[in-house]
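Visitor: got a sequence here, can you build the structure:
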Amino acid sequence: MRNPIAVLLERLVMQPMWAQFRTGLESAAVPGSGGVLFLGDSITHIGRWDLMFPSIATRNFGISGERSGHLLERLGPIVSIKPHKIFILIGTNDLATKIKIEEIAANVAQLVDELVRALPDCKIYLQTVLPRANKFTARVKALNALYAEIAKQRRIELIDLFPLFDDGTGAIRKEVTNDKLHLMGPGYKIWRDAIEPLVLAA
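Guide: This is a model prediction of the structure:
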């Protein structure tokens with residue numbers, strides 16, 4: 001059973017914030033504008049993809065607090081843009097709840113299936129969840145293993161970010177974060193360098 005205070009906080013604070021972010025994204029989504037779309041939670045949202053990849057059109061569809069199930073609710077604006085590439089990073093907020101990893105993976109599998117069906121010419125990249133504090137390591141690794149299966153079964157590319165941010169114990173490297181979750185500048189540079197060839201490829 002979830003903490004009632006956490007439930008109240010989500011209803012009073014997080015849900016209105018998600019609605020505001022979604023409304024903003026939907027209003028900014030120009031149908032058919034294409035580009036490279038980054039889809040995820042606050043880790044994606046904070047990233048300045050326009051500055052990291054100034055030579056191409058990027059679309060930041062990250063929303064703070066987003067979980068895997070939420071992504072399924074906002075596919076319309078994503079599909080309408082008709083991006084030619086989508087980079088997905090989602091799941092860390094799910095892991096902070098009691099949601100089973102199998103349910104998270106099922107949401108992501110459905111997300112990928114719907115994107116593939118709606119955007120057959122779009123290249124979709126599924127990225128593994130980043131390390132957090134050690135108490136999350138087992139669940140992060142288990143979820144990432146399921147992500148690898150999703151990518152293999154659907155013949156999309158898996159970008160394994162986890163080892164790039166692992167401090168050797170399964171926790172996130174201290175120099176890339178100040179809260180054991182979100183990335184700072186050095187972390188975004190590592191991420192950028194890892195995906196740059198895929199982002200910029202024709």
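
Visitor: now do the residue most central in space within the chain against R48, distance only.
Guide: Note on the chain: the residue nearest the mean C-alpha position is L89, at 2.2 Å, using C-alpha atoms, centre = their mean. For L89, the distance to R48 equals 15 Å [C-beta to C-beta, to the nearest Å]. For every residue, glycine as well, the C-beta is placed using N, CA and C.

Visitor: do the same with L71
Guide: On the measure of C-beta to C-beta, L71 and R48 end up 21 Å apart.

Visitor: higher neighbour count, these two?
Guide: Just comparing L71 and R48: by other C-beta atoms under 10 Å the higher neighbour count belongs to L71, 23 against 13.

Visitor: that one - that's part of a helix, no?
Guide: Yes: per DSSP: H, G, I helix; E, B strand; the rest coil, L71 lies within a helix segment.

Visitor: ok, now which ones touch it?
Guide: Counting by C-beta atoms under 8 Å, 6 or more residues apart in numbering, L71 touches 39, 88, 90, 107, 111.

Visitor: now, those residues that are in strands?
Guide: Using DSSP state E, the subset of the contacts of L71 located in strands is 39, 88.

Visitor: out of the contacts of L71, who's nearest K135?
Guide: Of all the contacts of L71, K135 sits closest to I90, with 20.0 Å by C-beta to C-beta.

Visitor: okay, now that closest one: neighbour count?
Guide: I90 has 26 nearby residues by other C-beta under 10 Å.

Visitor: thought L39 was touching it, still the case?
Guide: Yes: with contact defined as C-beta atoms under 8 Å, I90 reaches L39; the gap is 7.2 Å.

Visitor: how far out from the middle of the chain is the helix or strand hosting R192?
Guide: For R192, the host element (DSSP states H and E) is helix 185-200. Relative to the centre of its chain, helix 185-200 is centred 14 Å away, using C-alpha atoms, centre = their mean, to the nearest Å.

Visitor: what mean pLDDT does it get?
Guide: Average pLDDT, helix 185-200: 98.

Visitor: same check on stretch 55-66?
Guide: Averaging pLDDT along stretch 55-66 yields 95.

Visitor: which residue ranges of this structure form helices?
Guide: 4-9, 15-28, 42-46, 49-52, 68-71, 75-81, 92-95, 101-118, 137-154, 162-165, 185-200 (DSSP state H).

Visitor: tell me the helices and strands packed up against the third one.
Guide: Meaning helix 42-46. If you count contacts as 3 or more C-beta pairs under 8 Å, 6 or more residues apart in numbering; DSSP states H and E, helix 42-46 packs onto strand 58-62.
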